[in-house]
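Visitor: Following is a predicted model, sequence given first.
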Amino acid sequence: MSEISFTAQVDRHFYKAAAHTKHPPGLLEQIRVCNSVYAFTFPIRKDDGTIEVIHAWRAEHSMHKTPTKGGIRYASHANQDEVVALATLMTYKCALVEVPYGGAKGAVCIDRRQYSDAELERITRRYTFELVAKNFIGPGIDVPAPDYGTGAREMAWIVDTYEQIATSKLNAAGCVTGKPIAQGGIRGRTTATGLGVFFGIRETCLDKGFMKDLGLQRGVGGKRIVIQGLGNVGYHAACFLHDAGAVVTGIAEYNGGIRSQSGIDPRAARKHFREHGSLLGFPGTTDVENSLELLEADCDILIPAAIENVITDENAGRIRASIVAEAANGPTTAAAAEMLLERGVLILPDMYLNAGGVTVSYFEWLKNLSHVRMGRMEKRFEEASNRRLLAAMEAVTGYQLSEAVLGTAAKGASEEDLVRSGLEDTMVNAHHASCEVARRHGVDLRTAAYIMAIDKIALIYAERGIFP
Ligand code: NAD
């Protein structure tokens, strides 16, 4: 297994890309380093009356744009190096998909399965309180979001705690994204990262050049997919791919996996996982006790969507997928990535592929600051305009459309329609731009994404006159 830390791996990608730019070394160093890390501990009372000391972090990697932004993870493997690496990735990711934030990340070192709901609520509220006390959270300061082990419920506890103690309440809802709709969330955030993963894979599969090089047919339809992690990102990505005609041939969870060449319905698999606490025994599939074996399964697209460092120099030589689609952050070590690239495997980098989450978080934050639901002002007007246009066409052609057709064709955009459209536009544009940079520099897609991010951040510093 690779010896270098997660931060060192991110830096390795950075230096590889930086060599293709002409920025002064001092500016590159300013872009690379992490600006602030807050490491802290706090006590919580457990349900049995005992007290436990919890370790937590928040890293703000770059303030070239504010607020900073990044998820909060609850994981027993969390540590400061990982938090800094993930905050760093967030900076580059935001720059790549043009969402105006610096990168940040937070973590609480717990295995959430070992805590009751009441204990998780106490941990989340106390974590938020500590962030407020040190000015590490706020709609214009640093805006967390869900990540591994957290979801809308934790974000609701965060916004509620923040609102109770914030001195200015007007924009308080914008202190965190990924909230439930009733707490100021946006429709489409829960599925956003998985949908973004789908858009990235779809665009790649439509690319004639990539498919020819890999000896694959164009299109998502019929592609054999193996997914690791059936959580928020993996589950939704699997559903969108399944609905588009891809065949999910394997799913790996932490406590076992399943395989089936004829395909697995991800919705039914998740239902089974929730009811039985394991994928094992899901009807019509073969159990794989050691789910790591599924990473090496014969498939077209392998989607690691759980944790980092699962594809290492130890197993990279046995990966048989043509495409590794990094839905999780940092699933492939730098050494493993080089081995895969040498063998002609196409890697869709995390920095690009899972950017759908922060993109829709950005839309949610805009909604919170504007205090109006997207589409509220124009939906009905748009529908009436479309109906007038269709009526004029009917008058000219003499052809009468049915009410059902009229209803669909004239429909104004809802909040979810706008969110999906903005997300698709972002993912499609970033895909084509990074392919263009990759071809121009003769580099892989990850290096291209880093080059783009570095150039964009450097431009911001230059425009401010900080580094003329
Ligand atoms: P999640 O907690 O909802 O799901 C993670 C899933 O992976 C769980 O079902 C868990 O049981 C499973 N898992 C854990 N260890 C495993 C192992 N060793 N083998 C197989 N399965 C394992 O988390 P998530 O939000 O889906 O995040 C997954 C990854 O995606 C993380 O790397 C995260 O940083 C990244 N990500 C998440 C978002 C988001 O919006 N949630 C956005 C960008 C990136």
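Guide: Cool, got the structure. Numbering: from 1, shown residues only.

Visitor: residues contacting the closest residue to residue 215 other than its chain neighbours?
Guide: Leaving aside its chain neighbours, residue 215 sits nearest to residue 322 (7.6 Å; criterion: CB to CB, 6 or more residues apart in numbering). To be clear about C-beta, it is placed using only N, CA and C from the backbone, and glycine gets the same treatment. Residue 322 makes contacts with 214, 215, 216, 300, 301, 345, 346, as judged by CB atoms under 8 Å, 6 or more residues apart in numbering.

Visitor: Excluding chain neighbours, what is closest to residue 348?
Guide: residue 325 (4.6 Å).

Visitor: typo on my end, it should be residue 259
Guide: residue 250 (4.4 Å).

Visitor: pLDDT wise, what is the residue in the chain positioned nearest to the ligand at?
Guide: In the chain, the residue that lies nearest the ligand is residue 231 (1.6 Å; CB to the nearest ligand atom). Reported pLDDT at residue 231 in the predicted model: 97.

Visitor: again with the one 10 residues further on
Guide: At residue 241, the predicted lDDT confidence score is 98.

Visitor: need the contact list for it.
Guide: Applying CB under 8 Å, 6+ apart, the residues near residue 241 are 198, 201, 220, 223, 225, 248.

Visitor: Grab the CA positions of the helix or strand hosting it and hand them over as CSV.
Guide: Residue 241 is located in helix 232-243, with elements delineated by DSSP states H and E. In CSV, the C-alpha atoms belonging to helix 232-243 read as follows (Å, rounded to 0.1, in the frame of the first residue of the first chain):
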residue,chain,number,x,y,z
ASN,A,232,-25.9,8.9,-0.8
VAL,A,233,-23.5,9.3,-3.8
GLY,A,234,-23.2,5.6,-4.8
TYR,A,235,-26.9,4.9,-4.5
HIS,A,236,-28.2,7.8,-6.6
ALA,A,237,-25.4,7.4,-9.2
ALA,A,238,-26.4,3.7,-9.5
CYS,A,239,-30.1,4.6,-9.9
PHE,A,240,-29.5,7.2,-12.7
LEU,A,241,-27.2,4.8,-14.5
HIS,A,242,-29.6,1.9,-14.1
ASP,A,243,-32.5,4.0,-15.4
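
Visitor: ok now it, how far from the chain's centre?
Guide: Chain-centre distance of helix 232-243: 13 Å, with CA atoms, centre = their mean, to the nearest Å.

Visitor: Which parts of the stretch 51-200 of the chain are strands?
Guide: Residue ranges of the strands in the stretch 51-200 of the chain, as given by DSSP state E, counting those that start in this stretch, are 51-60, 68-74, 102-108, 142-146.

Visitor: So which residues of the stretch 251-400 of the chain form helices?
Guide: With DSSP state H, counting those that start in this stretch as the criterion, the stretch 251-400 of the chain has helices at 266-276, 334-342, 350-353, 356-370, 379-397.

Visitor: highest average neighbour count across the ones you listed?
Guide: Highest mean neighbour count among the helices of the stretch 251-400 of the chain (mean count of other CB atoms under 10 Å): helix 350-353, with a mean of 28.

Visitor: what's that helix packed up against?
Guide: If you count contacts as 3 or more CB pairs under 8 Å, 6 or more residues apart in numbering; DSSP states H and E, helix 350-353 packs onto helix 80-96, helix 189-206, helix 415-441, helix 445-463.

Visitor: Get me the contact residues on the stretch 101-250 of the chain for the ligand.
Guide: 146, 147, 148, 149, 193, 228, 229, 230, 231, 232, 233, 234 (CB under 6 Å from any ligand atom).

Visitor: and of the helices of the stretch 251-400 of the chain, who's closest to residue 123?
Guide: For these, the distance to residue 123 is smallest for helix 356-370, at 22.0 Å, taking CB to CB.

Visitor: Which strands or helices does the closest one pack on?
Guide: If you count contacts as 3+ CB pairs under 8 Å, 6+ apart, helix 356-370 packs onto strand 68-74, helix 80-96, strand 142-146, helix 189-206, helix 415-441.

Visitor: can we see that at 7 Å?
Guide: Using 3 or more CB pairs under 7 Å, 6 or more residues apart in numbering; DSSP states H and E, the elements in contact with helix 356-370 are strand 142-146, helix 189-206, helix 415-441.

Visitor: In JSON lines, list the ones you listed along with mean neighbour count.
Guide: Converted to JSON lines, these look like this (neighbours: other CB atoms under 10 Å):
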{"stretch": "strand 142-146", "mean neighbour count": "27"}
{"stretch": "helix 189-206", "mean neighbour count": "25"}
{"stretch": "helix 415-441", "mean neighbour count": "18"}
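
Visitor: could these be laid out in CSV, adding distance to residue 117 and mean pLDDT?
Guide: As requested, those are arranged in CSV below (distance: least, CB to CB, whole Å; pLDDT from 0 to 100):
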stretch, distance to residue 117, mean pLDDT
strand 142-146, 16, 97
helix 189-206, 19, 97
helix 415-441, 28, 98
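
Visitor: how about the ones you listed, which one is nearest residue 38?
Guide: Proximity to residue 38 (CB to CB) singles out strand 142-146 among the helices and strands packed on helix 356-370, at 9.8 Å.

Visitor: quick revisit: adding distance to residue 164 as columns, could you present the strands of the stretch 51-200 of the chain in CSV?
Guide: Shown next, in CSV, are those (distance: least, CB to CB, whole Å):
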stretch, distance to residue 164
strand 51-60, 19
strand 68-74, 18
strand 102-108, 19
strand 142-146, 17
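
Visitor: follow-up on the earlier one: give the buried subset of the contacts of residue 322 as a ChimeraX selection command.
Guide: In ChimeraX, this line selects whichever of the contacts of residue 322 come out buried by 16 or more other CB atoms under 10 Å:
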select :214,216,300,301,345,346
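
Visitor: Specify which member of the contacts of residue 322 is nearest to residue 4.
Guide: Of all these, residue 345 has the smallest distance to residue 4: 20.8 Å, by CB to CB.

Visitor: Give me the distance between that closest one and residue 249.
Guide: Per CB to CB, to the nearest Å, residue 345 is found 18 Å from residue 249.

Visitor: Please apply the same query to residue 204.
Guide: Taking CB to CB, one finds residue 204 at 18 Å from residue 249.

Visitor: cool, residue 215 as well?
Guide: The value you get for residue 215 to residue 249, if CB to CB is used, is 18 Å.

Visitor: again, but for residue 100
Guide: Applying CB to CB to residue 100 and residue 249 gives a distance of 40 Å.

Visitor: And the two? Which one has more around it.
Guide: residue 249 (24 against 14; other CB atoms under 10 Å).

Visitor: For that one, report the pLDDT, please.
Guide: Looking at residue 249, the pLDDT reads 98.

Visitor: now the one 5 residues further on
Guide: Residue 254 carries a pLDDT value of 96.

Visitor: hmm, which two among the contacts of residue 322 are most spread apart?
Guide: 215 and 301 (13.7 Å).

Visitor: right, and residue 75 touches residue 148 too?
Guide: Yes: checked against CB atoms under 7 Å, the pair residue 75 and residue 148 is within contact range at 5.6 Å.

Visitor: Does the ligand have contacts with stretch 423-436?
Guide: No: under the criterion of CB under 6 Å from any ligand atom, the ligand is not reached by stretch 423-436; the shortest gap measures 12.0 Å.
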